[in-house]
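[1] what shape does this take:
(chains A and B)
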Amino acid sequence: MRVDTECQRETPEGVTLSLRPAGPPVRLVAWGIDAAMILVAQTLGGLLFGLLGQVGTGFLLLLAFALWWFYPVAFEVLRNGVTPGKALVGLQVVHDDGTPVGFSASLLRNLLRFADFLPFAYGAGLASMLLSNDFQRLGDLAAGTLVIYREDEIRERQIPKAPATPPQLPLDRREQRAVIDFGARYTTWNDERRAELAAVAAPITGTTGEAGVRRLLGVANWLLARQEVTR
Amino acid sequence: MNRDEFVRRNEPTWLKAEELLNRLERGLKYEHELSELPAIYRRCCQHLAHARQRQYDSPLVARLNRIALRGYHQLYRRPRMTIATALRFLAADFPRLVRAHAGYFWLATALFYGPGIAMAIAVLLDPDAIYTLLDADQLESFEEMYRQPATEERGAEGDFAAFGFYVFNNVAIAFRTFASGIFAGLGTLFFLIFNGLFLGAVFAHLVHVGVAPNIFSFVIGHGSLELTALVIAGVAGLRLGKATIAPGRFRRVEALRRAAKVCVQLMLGVAAMLIGAAFLEAFWSSTAGITQTTKIVIGSGAWIAVAAYLTLGGRRGGS
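    Numbers count the residues shown, from 1 in each chain, chains lettered A, B, ... in the order given. Okay, here's the model as predicted:
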């Protein structure tokens, strides 16, 4: 069963890449920023072209047309799936196989934006996002695209050293991974949170509280050390 | 090899990969760097697989995943459209595509012109019928527009403003007609029928008011491109709708995706046709220097040309 939003795509090299599709709230923010930029560009265009009389009117209408229909397409195709709004919140549009979005897919998803907007305020798009597996609005479904988070948290953290302790129960791979991740993220929590999380692993450490935290760190160290030995 | 050793040994490769990717993503492309990337990318993929297999910590795996993903983005691009392929598309592929959808085309034609003609007849029989669609103010402005034959007064600048408006308005109508087809084709039905009714009503009303030569000489020039493009947008919308109602042997999403791939090409052709139409509408149809007879003759020729383009375009050269 899927417990998170991550989805896996296999590359021709036989490696699976993890993509994290973005949900409606963050995409709404990105859209808001883009819409604001379009309005600003349109206003500036209006001021500039206002000086040119009727020719200016013509240019302004062409600009408005280009902005409302093709602003996202231009950025998505030329900037690797990233519009300014998406850049600010760290999103990116990709094909659903993980490749960068191309012209035809980008055009399609942005033409269908009109359908997603119906009946009002992106109602259809929101419904589609909530019903589909990977937060795809109608345009994404038709174009075969995903909106994913661009930056994974990649700062590496040292696991604090603690005397290696074997777990009191045999652990499968996922559990081992969870314990190691506990060690890796240890420094990002306060003491209460550490204790709270370590309490979940009480069957492994046999204790709770401060001692449980230290024991669990010890298990993480033990697991890492054992990896080192077995390789 | 333990984790730290793994990192110590391979970190230079990752740093190199990240640096290369940073530069490529900023658009700095040099031959020798491009040729280095595949090898480095594959090595990072291998490291990612190792890191996953050995259950290394999440941040490390995430970093490698990110490198692999970015490398994948750089290496596996789909071919970009060039001017040559665009021209080829307009000259041959687009008319072929329209012909491949002949059934949809005639259906959309019927949905657009049928209500239009019916409405026109209704308004000619009973001029008050027009008030079911438009109010008096709107009618007033239409009458105003066509009361006089096209005159010189607008000038080249006004022509350009009109061009902007036609692109802004007409292309958007076509785009909406297409996009709303995703709702089982209903939106497309609505836009085709509504626009048909509206145009039929306005035409008939202007004929009734007695300015028929003005409007016909105005519309016939660009109408061939504009109305046909709208019908083709309808074709794309109906095709999309068909995929959602009757996906055939595919999952609905898959059927939609396949249909959409074709539809987007149709819409590219539609956009090109409409921009051509807007050009004609602004700079030819409303020009005062050309007699109405000339406009009607050339305009009829344009209808024949559009028909010939769609029926004959791309027939030579096989496939």
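[2] how about the contacts made by the nearest residue to B:His73 once chain neighbours are set aside?
    Of all residues not flanking B:His73 in the chain, A:Pro100 sits nearest, at 4.8 Å (C-beta to C-beta, 6 or more residues apart in numbering or on different chains). Using the backbone N, CA and C atoms, a C-beta is placed for each residue, glycine as well. Going by C-beta atoms under 8 Å, 6 or more residues apart in numbering or on different chains, A:Pro100 touches A:Asn80, A:Gly81, A:Val94, B:His73, B:Arg77, B:Arg78.
[3] which is the next helix or strand following the helix or strand containing A:Gln92?
    Using DSSP states H and E, A:Gln92 sits in strand A:91-95. Note on strand A:91-95: by DSSP H and E, the next helix or strand toward the C-terminus is helix A:103-111.
[4] other SSEs contacting that following helix?
    helix A:53-78, strand A:91-95, helix A:138-143, strand A:145-149, helix B:172-179, helix B:252-280 (3 or more C-beta pairs under 8 Å, 6 or more residues apart in numbering or on different chains; DSSP states H and E).
[5] deepest in the core, which of the ones you listed is it.
    Stretch with highest mean neighbour count among the helices and strands packed on helix A:103-111: helix A:138-143 (a mean of 27; mean count of other C-beta atoms under 10 Å in any protein chain shown).
[6] tell me the buried residues in stretch A:203-222?
    By 16 or more other C-beta atoms under 10 Å in any protein chain shown, the buried positions in stretch A:203-222 come out as A:204-205, A:207-208, A:212-222.
[7] residue contacts, the residue lying closest to B:Ala162 once chain neighbours are set aside?
    Of all residues not flanking B:Ala162 in the chain, B:Ala282 sits nearest, at 4.2 Å (C-beta to C-beta, 6+ apart). Neighbour list for B:Ala282: B:Asp159, B:Phe160, B:Ala162, B:Phe163, B:Tyr166 [criterion: C-beta under 8 Å, 6+ apart].
[8] out of those, flag the one nearest to A:Leu17.
    Nearest to A:Leu17 out of the contacts of B:Ala282 is B:Tyr166 (C-beta to C-beta; 45.5 Å).
[9] contacts only, for the spatially most central residue of chain B.
    Residue closest to the average C-alpha location in chain B (C-alpha atoms, centre = their mean): B:Met267, at 2.9 Å. Going by C-beta under 8 Å, 6+ apart, B:Met267 touches A:Leu107, A:Leu111, B:Ala174, B:Phe175, B:Phe178, B:Ala233, B:Ala236.
[10] OK, contacts around the residue in the stretch 151-300 of chain B positioned nearest to chain A?
    Nearest residue of the stretch 151-300 of chain B to chain A (C-beta to the nearest C-beta) works out as B:Gly164 at 3.2 Å. If you count contacts by C-beta under 8 Å, 6+ apart, B:Gly164 has them with A:Thr57, A:Gly58, A:Phe59, A:Leu60, A:Leu61, A:Leu62, A:Phe65.
[11] one more pass at 6 Å, please.
    A:Gly58, A:Leu61, A:Leu62 (C-beta atoms under 6 Å, 6 or more residues apart in numbering or on different chains).
[12] from those, which are also near chain B?
    Filtering the contacts of B:Gly164 for proximity to chain B (criterion: C-beta under 6 Å from any C-beta of the partner chain) leaves A:Gly58, A:Leu61, A:Leu62.
[13] thinking the first one is in contact with B:Ala161, fair?
    This means A:Gly58. Yes - between A:Gly58 and B:Ala161 there is a contact under C-beta atoms under 6 Å: 4.2 Å.
[14] related to what we said a few turns ago, out of the contacts of B:Gly164, which one sits closest to B:Asn214?
    Ranked by distance to B:Asn214 (C-beta to C-beta), these are led by A:Gly58 at 23.2 Å.
[15] show the pLDDT at that closest one.
    According to the prediction, A:Gly58 has pLDDT 83.
[16] so the residue of the stretch 151-300 of chain B closest to chain A versus B:Leu268, what's the distance?
    Separation of B:Gly164 from B:Leu268 (C-beta to C-beta, to the nearest Å): 21 Å.
[17] next: B:Leu225.
    The gap separating B:Leu225 from B:Leu268 is 15 Å, by C-beta to C-beta.
[18] would you mind splitting chain B into its domains for me?
    Listed domain ranges for chain B are B:3-75, B:83-312 (source: automatic domain parsing).
[19] before we move on, what about chain A?
    For chain A, automatic domain parsing gives the domain ranges A:7-149, A:173-225.
[20] comparing those by mean pLDDT, which bottoms out?
    domain A:173-225 (a mean of 83).
[21] how far off centre is that domain?
    Remark: domain A:173-225 is offset 27 Å from the chain centroid, using C-alpha atoms, centre = their mean, to the nearest Å.
[22] hmm, the biggest helix by length in chain B touching chain A?
    Secondary structure of chain B per DSSP state H: the longest helix is helix B:212-245. No - Helix B:212-245 lies apart from chain A when judged by C-beta under 6 Å from any C-beta; the minimum separation is 7.2 Å.
[23] burial check on the closest residue to B:Gly241 other than its chain neighbours, number of neighbours?
    By the measure of C-beta to C-beta, 6+ apart, the closest residue to B:Gly241 outside its immediate chain neighbours is B:Gly185, 2.2 Å from it. The local packing of B:Gly185 (other C-beta atoms under 10 Å in any protein chain shown) involves 21 other residues.
[24] for B:Gly185, what are phi and psi?
    Main-chain torsions, B:Gly185, degrees, to the nearest 10: phi 80, psi 0.
[25] returning to what we had before: closest to A:Leu118 out of the domains of chain B?
    Nearest to A:Leu118, of all the domains of chain B, is domain B:83-312, at 6.8 Å by C-beta to C-beta.
[26] report the rounded mean pLDDT for that closest one.
    The predicted model assigns domain B:83-312 a mean pLDDT of 86.
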